[in-house]
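Enquirer: got a predicted structure plus its sequence, pasted below:
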Amino acid sequence: MSKNKLQDIQSRKDLEYLIDEFYKTILKDKVIGHFFTEVVVLDWEKHIPVMYSFWETLLLDNMTYKGNPILKHIELNQKQKLQQIHFDQWLKLWSDTVNKNFSGPKASLAISKANQIGSFMKYKIDDTANSII
């Protein structure tokens, strides 16, 4: 990508690049990296294509994702409590990665959708945790 004139997210290939860059950053992150390397040791060959499809469905209206991300995160929360700082850091890293590599309406939508998803997911996780008590 040219640093002078960033392009918008236009294709699955763009999303694959974005998600690959994002996860490279996440794995090294001191705040949330351990969720991906210790709390749940992900099968990257399975997980990353699911993320490609998730974001392709959200941003490019190509319905390739089938799954329940909230349920997966509720299960994760049962292994180690997800706190607001974790959601904030995830969103910061996502926003930074998007802004570093893309610019335009789809890039803005990627950040907006991430905010909505994070807020809703945190609400559902807290609601589920509170109903178990």
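Expert: Thanks, I have the structure now. Numbering: from 1, shown residues only.

Enquirer: in the chain, which spans are helices?
Expert: Under the criterion DSSP state H, the chain contains helices at 12-28, 33-34, 44-60, 69-79, 84-101, 105-132.

Enquirer: what would the ones you listed look like in CSV with mean pLDDT and distance to Leu6?
Expert: Using the backbone N, CA and C atoms, a C-beta is placed for each residue, glycine as well. Converted to CSV, the helices of the chain look like this (pLDDT from 0 to 100; distance: least, Cβ to Cβ, whole Å):
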stretch, mean pLDDT, distance to Leu6
helix 12-28, 97, 11
helix 33-34, 95, 26
helix 44-60, 95, 16
helix 69-79, 89, 27
helix 84-101, 97, 7
helix 105-132, 90, 8
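
Enquirer: any chance of those in a markdown table, plus mean neighbour count?
Expert: Below are the helices of the chain laid out as a markdown table (neighbours: other Cβ atoms under 10 Å):
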| stretch | mean neighbour count |
| --- | --- |
| helix 12-28 | 16 |
| helix 33-34 | 14 |
| helix 44-60 | 16 |
| helix 69-79 | 15 |
| helix 84-101 | 17 |
| helix 105-132 | 15 |
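
Enquirer: dump those to a markdown table, plus distance to Lys5.
Expert: Converted to a markdown table, the helices of the chain look like this (distance: least, Cβ to Cβ, whole Å):
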| stretch | distance to Lys5 |
| --- | --- |
| helix 12-28 | 15 |
| helix 33-34 | 32 |
| helix 44-60 | 20 |
| helix 69-79 | 33 |
| helix 84-101 | 12 |
| helix 105-132 | 13 |
